[in-house]
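Trainee: generate coordinates for the sequence data below:
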Amino acid sequence: MTWTDVVAAVFLLAGSLSCLFGAIGILTFPDVVSRLQAATKPQTFGLILIVIGAALRMNAHSASGLLLVVLFQLLTAPVLAQIVGRAAYRADSIRRDTLDTDELADRLHRERSSG
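Mentor: Prediction:
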């Protein structure tokens, strides 16, 4: 076993644990906003670690395609979380008592009164 095998195994295990913790968070957190946090950050970080671990075991030509996977995930996960969060907010599916500040309410109120 070489040092790249050990480093790749560490990255794969760390990425898997991150994804597992994200999945547990999705199941246990109380509202949509908390679940979005668990769905985006640890899942994206876990995927990046898994891709790095897999890339260490592949040749450079094949591993370069994995960069597109990471780039697509980094571009789409925050946008999707933003859209789902706003839809949940407008559908009143969030727990407002858990919010520290509610900047979106002020913005939506200004948009309604100006338009």
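
Trainee: which secondary structure elements does the strand or helix carrying residue 68 sit against?
Mentor: Secondary structure from DSSP states H and E places residue 68 in helix 66-90. Using 3 or more C-beta pairs under 8 Å, 6 or more residues apart in numbering; DSSP states H and E as the contact test, the elements touching helix 66-90 are helix 32-57. For the C-beta atoms, the positions are set from N, CA and C on the backbone; glycine is no exception.

Trainee: about what we covered before: looking at the helix holding residue 68 now, give me its mean pLDDT.
Mentor: In this model, helix 66-90 has a mean pLDDT of 90.

Trainee: can you check what angle separates that helix from helix 32-57?
Mentor: Here helix 66-90 runs at 180 degrees with respect to helix 32-57, directions being taken by axes from the mean of the first three to the mean of the last three C-alpha atoms, to 10 degrees.

Trainee: can you check the pLDDT for residue 115?
Mentor: pLDDT, read off for residue 115, is 63.

Trainee: before we move on, the earlier item: buried residues in the helix holding residue 68?
Mentor: Going by neighbour count (16 or more other C-beta atoms under 10 Å), the buried part of helix 66-90 is 66, 70, 73, 77, 81, 84-85, 88-89.

Trainee: tell me the two of the residues you listed that are most distant?
Mentor: In terms of C-beta to C-beta, these reach their longest pairwise distance at 66 and 89, which sit 34.6 Å apart.

Trainee: per-residue pLDDT, the residue nearest the centre of the chain?
Mentor: Computing the C-alpha centroid of the chain and ranking residues by C-alpha atoms, centre = their mean puts residue 40 first, at 1.5 Å. In this prediction, residue 40 carries a pLDDT score of 90.

Trainee: right, I'll call it a day here.
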